[in-house]
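1. the sequence and its predicted three-dimensional model are supplied below.
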Amino acid sequence: MSQTLLIFFILAFGLQTILTFHYYWAYNSLSAPVGTTSAAPEIFVGVISSPGKVEYLERYMINAAPHFGWHRAFDPHVRAYTFDVVPENIPRFQYDRFVRILPLEGEKTNYHVNSQLWSWKLMHETSPNANWYLQVDDDTIVAKHNLVAFMRDNDPGKAEIHGYCGSVGTRFTRGKGKLNFVIGGGGTLMSNAAMKLLLPHIETCRMKYNNLRFGDSRVFACLKFEAGLSLENCHDEKNNGFSSSHPLETTIKQRNPSARVISIHEKDKERAIKLNKLFAQDGWSSAPNDGLHCKWEDVRREIFQR
């Protein structure tokens, strides 16, 4: 009996060691700069922001906070894109991250709506070999562990785009038909293969689809009408980890409690801090199961205490 127990404990210790190494490797291969652990980052993150507006900058800085903000999980592969002049009072470590987008010659005065479309180009220029590209709003909070698990269940070599879906009708597309698109507030996850389809058309599309009201719909008009990549299959909303709807109470009621959370679009500062801290538990330290695989029921319990 004692020999059997000894063998059991040896096997259990060996499995624990393997799992710990796997998670440690996974984190470092995700975050490593070019030329170190990984030849290219697994993901590059672009944050759309308006730092010239106080409330937008406050939201950005919560998510970029060095001790609990979710941005730190993806350092150094994070950039912020803006049409604003970047205020000089931003802390230097964040100021250097901002990339300003300027209008093209002849572009309409509302060129800032194209910041989403143009930032895909800038993201690729900075990190052309990333497997995945994630674009989010400055008030989007991301559960890093669940996002990485989701990415690894999908193939970056296939032209795929994931997120929380919306649609616009024919009157917005000038008779070209209904357009499905991923709503930017929930985050848009684009594979390297899809990025390569989009890239050749970005400059043309930046001028061509100014009639569309929203920046995220312009990205998908470009993909569908110029690159031939339609977003036909949107994720089942009940089990979708990406979310962009308000209020949060409604989102939680609509979701499967045991489905994993990937993103939440949240403007309330106190809630944003709580969500960042909750997702920060979602494990990348030495023990493989030190935190949550955060689910919608965890968010409900943390935010609403029930």
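-> Thanks, I have it. Numbers count the residues shown, from 1 in each chain.
2. next one: stretch 222-231 to chain centre, how far?
-> 21 Å (CA atoms, centre = their mean, to the nearest Å).
3. what segments of this protein are helices?
-> Chain-ordered helices for the chain, with DSSP state H as the definition, fall at 2-31, 54-63, 92-95, 115-126, 144-152, 192-198, 202-208, 215-221, 248-254, 269-280, 296-304.
4. most tightly packed of those helices?
-> Of the helices of the chain, the one with the most neighbours on average (mean count of other CB atoms under 10 Å) is helix 215-221, at a mean of 24. No exception for glycine: its C-beta is placed from N, CA and C like everyone else's.
5. gap between Leu104 and Asn114?
-> 9 Å (CB to CB, to the nearest Å).
6. how many residues are close by Lys178?
-> 11 (other CB atoms under 10 Å).
7. that one reaches Cys165, doesn't it?
-> No: the criterion here is CB atoms under 8 Å, and Lys178 misses it with Cys165 at 11.8 Å.
8. contacting residues for Ser191?
-> Asn131, Trp132, Tyr133, Asn154, Asp155, Pro156, Gly157, Lys158, Ala159, Glu160, Ile161 (CB atoms under 8 Å, 6 or more residues apart in numbering).
9. just the strands in the stretch 51-200 of the chain please.
-> 78-82, 98-100, 132-137, 140-142, 161-162, 165-168, 179-182, 188-191 (DSSP state E, counting those that start in this stretch).
10. returning to that earlier point: shared neighbours of Leu104 and Asn114, which are they?
-> With CB under 8 Å, 6+ apart, Leu104 and Asn114 have common neighbours Arg206.
11. please identify which of those two sits among more neighbours.
-> Asn114 (25 against 13).
12. doesn't Gly215 make contact with the more buried one?
-> Yes: with contact defined as CB under 8 Å, Asn114 reaches Gly215; the gap is 6.3 Å.
13. low-scoring stretches of the stretch 151-300 of the chain, by residue?
-> Residue ranges of the stretch 151-300 of the chain with pLDDT under 70: 169-177, 232-236, 282-292.
14. check contacts around the closest residue to Phe220 other than its chain neighbours.
-> Nearest residue to Phe220 in three dimensions, chain neighbours excluded: Phe181, at 3.5 Å (CB to CB, 6 or more residues apart in numbering). Going by CB under 8 Å, 6+ apart, Phe181 touches Cys165, Gly166, Ser167, Val168, Asp216, Ser217, Val219, Phe220, Ala221, Leu231.
15. spit out the contact partners of the residue nearest the centre of the chain.
-> The centroid of the chain falls nearest to Leu134 when counting by CA atoms, centre = their mean (4.0 Å). By CB under 8 Å, 6+ apart, the contact list for Leu134 reads Ile43, Phe44, Val45, Gly46, Val142, Leu147, Gly187, Thr188, Leu189, Met190.
16. dig out what the second one forms beta bridges with.
-> Applying DSSP bridges to Phe44 yields these beta-bridge partners: Tyr133.
17. and the last one, by the same measure?
-> In this entry, Met190 is beta-bridged to Tyr133, Ile161, by DSSP bridges.
18. wait, doesn't it sit right on Trp120?
-> Yes: the criterion here is CB under 8 Å, and Met190 meets it with Trp120 at 7.3 Å.
19. what sits in contact with each of the two?
-> Shared contacts of Met190 and Trp120, defined by CB under 8 Å, 6+ apart, comprise Tyr133, Gln135, Leu198.
20. so what's the last one up against?
-> Contact criterion CB under 8 Å, 6+ apart gives Trp120, Met190, Val219, Cys222, Leu223, Ala227, Leu229 as the residues in contact with Leu198.
21. repeat that with 6 Å
-> Leu223, Ala227 (CB atoms under 6 Å, 6 or more residues apart in numbering).
22. same thing with the one 5 residues further on?
-> By CB under 6 Å, 6+ apart, the contact list for Glu203 is empty.
23. do that again at 8 Å, thanks
-> Taking CB under 8 Å, 6+ apart, we find Glu203 in contact with Leu104, Lys121.
24. over to Cys222?
-> Leu117, Leu198, His201, Ile202, Cys205, Lys208, Tyr209.
25. the contacts of Ser191, buried ones only, as a PyMOL selection?
-> Filtering these down to the buried ones (16 or more other CB atoms under 10 Å) takes a single PyMOL command:
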select buried, resi 131+132+133+156+159+160+161
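26. now distance to His246 too, for the contacts of Ser191, in JSON lines please.
-> Converted to JSON lines, those look like this (distance: CB to CB, whole Å):
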{"residue": "Asn131", "distance to His246": "31"}
{"residue": "Trp132", "distance to His246": "26"}
{"residue": "Tyr133", "distance to His246": "25"}
{"residue": "Asn154", "distance to His246": "27"}
{"residue": "Asp155", "distance to His246": "32"}
{"residue": "Pro156", "distance to His246": "31"}
{"residue": "Gly157", "distance to His246": "35"}
{"residue": "Lys158", "distance to His246": "32"}
{"residue": "Ala159", "distance to His246": "30"}
{"residue": "Glu160", "distance to His246": "27"}
{"residue": "Ile161", "distance to His246": "23"}
